[in-house]
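*Asks:* what's the 3D shape of this:
(one chain, ligands or ions: 1)
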Amino acid sequence: TAPTLGTGDFPGSLSGPRLARITEEHGTPVWVYDADVIRAQIARLRQFDQIRFAQKACSNTHILRLMREQGVAVDAVSAGEVERALTAGYRPDGPGEPIVFTADLLDRPTLRRLVELGIPVNAGSPQMLDQIGRAAPGHPVWIRINPGFGHGHSRKTNTGGEQSKHGIWHEHLAESLALVDRHRLDLIGFHMHIGSGVDYGHLEAVCETMVKQVRLSGRDLRAISAGGGLSVPYAPGQPEVDTERYFRIWDAARRELVTELGHPVRLEIEPGRFLVAGSGVLAAEVRAQKPVGSNHFVLVDAGFNDLMRPAMYGSSHRVTVLAPDGEPRTDPARDTVLAGPLCESGDVFTQVEGGDVEPVPLPRAEIGDLVVFHDTGAYGASMSSTYNSRPLIPEVLVEGEHTRLIRRRQTVAELLTLETDLPG
Ligand code: LLP
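*Replies:* Sure thing, here's the model as predicted:
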């Protein structure tokens, strides 16, 4: 889908002028989130027994703290994400498995840490079950199943089927269950996550497969997880996910299992994007512009090291242009290619998957204007890198009238210490 011109609507209590004040205080580029938008998204999924936030979408510990205060559990995919959850106050031994570790392999230090903390492991390979079982017989585990099909907003976010490295292939469940038995692992439940930006046409098939796999396994499971993947509207006119329907279909599957197993079965959902995407924006400053043949380039001070989604997936984000005082520019639209400062031709925010630039209609921008990328609360800051030796940029959380810095800007000196501050 081609990028589209935004209408200037901001999340929650953010506005153009308020954003301009935040950039005056914290500089550009800067990520800004609205806490109330996150709370409202959580409320839309309350029917599920447990919401588990896939923190990879936005792993700032202050956002995780907000999640915890809302009763949302958390998923971790690395030792770093486990430590983030602990810092945010999650207790690994609390009720309902507050932290679950999902991956396709266990590196040695992470394995040790998970055993030490007793954190349940959602296994994506038989080797994970074997390794955790040898290290800690009786350890709590989930099994993530690749049902043989999947779907994503990009090929890169499809996590089911033969092209995907994720989960235990549905035909290999028996050997995994044998490992569960051999190590007397405590099997909590089955998990399926078939991709990000789910096509709801797959929903029934996923649920059917879940019921079938539980039946085939003959196991007395306590929980099932619907995974994440719920999409959000990135372009005007894109539909919102019907969370009622989503729940109904999963709940029907759960009821079947309750009847068969004769006891309650916890139904979990594991969204990342759905909870945070719409809460966040990235604000950057226009620093240069130039015609290049028939293209008009506007260059801003954020690059794909900050917001990677367009370069990685050809994703498009609504864009608003603000004058320095925060008032939206309303000049007649002009086809514009929006790009960043990096030394790569792919450092373009308006491009299609594959890399071709895609001019989009934008108001005429002046040097010093702000360019706002909307719906960047998910997979924005969390996918940033320091490529080109550009330090990580700040994150700000807005809550009603309050504005709080939740990550300061990294300094170049901090980047260099890893190389200068060496032992010996
Ligand atoms: N559960 C598991 C096991 C996952 O691997 C993921 C995402 C989620 C839940 C949450 O998916 P979500 O609800 O956020 O779609 N960087 C890409 C998305 C990659 C997602 C990876 N796994 C993007 O920017 O679109």
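*Asks:* do you know how far the closest residue in space to Leu216 that isn't next to it in sequence is from Gly195?
*Replies:* Using Cβ to Cβ, 6 or more residues apart in numbering and skipping the chain neighbours, the partner closest in space to Leu216 is Leu173 (6.9 Å). In this view, the C-beta of every residue, glycine as well, is placed from N, C-alpha and C. Distance from Leu173 to Gly195, counting by Cβ to Cβ, to the nearest Å: 20 Å.
*Asks:* Between those two, which is the more surrounded one?
*Replies:* Taking other Cβ atoms under 10 Å, Leu173 and Gly195 do not tie; Gly195 has more neighbours (25 against 18).
*Asks:* Could you check the pLDDT of that one?
*Replies:* Note for Gly195: predicted pLDDT of 87.
*Asks:* Next: Thr4.
*Replies:* At Thr4, the model reports a pLDDT of 42.
*Asks:* again, but for the one 3 residues further on
*Replies:* On the pLDDT scale, Thr7 is placed at 50.
*Asks:* Same check on the one 5 residues further on?
*Replies:* Gly12 is assigned a pLDDT of 93 by the prediction.
*Asks:* SS state for it?
*Replies:* Classification of Gly12 using DSSP: H, G, I helix; E, B strand; the rest coil returns coil.
*Asks:* With the flanking residues excluded, which residue is spatially nearest to it?
*Replies:* Asp34 (3.1 Å).
*Asks:* Bridged to the one you found, which residues?
*Replies:* Using DSSP bridges, the bridge partners assigned to Asp34 are Val398.
*Asks:* Low-confidence regions, the stretch 101-250 of the chain specifically.
*Replies:* Judged against pLDDT under 70, the low-scoring parts of the stretch 101-250 of the chain cover residues 198.
*Asks:* Can you name the residues of it that neighbour the ligand?
*Replies:* Proximity of the stretch 101-250 of the chain to the ligand, by Cβ under 6 Å from any ligand atom, involves residues 102, 157, 159, 193, 196, 227-230.
*Asks:* Mind doing that once more with 8 Å?
*Replies:* By the rule Cβ under 8 Å from any ligand atom, the part of the stretch 101-250 of the chain lying against the ligand is 102, 122, 144, 152-154, 156-157, 159, 166, 191, 193, 195-198, 227-231.
*Asks:* Am I right that the residue nearest to Leu216 is in contact with Ile145?
*Replies:* Yes: counting by Cβ atoms under 8 Å, Ile145 is a contact partner of Leu173 at 6.7 Å.
*Asks:* any residues in contact with both of those two?
*Replies:* Gln213 (Cβ atoms under 8 Å, 6 or more residues apart in numbering).
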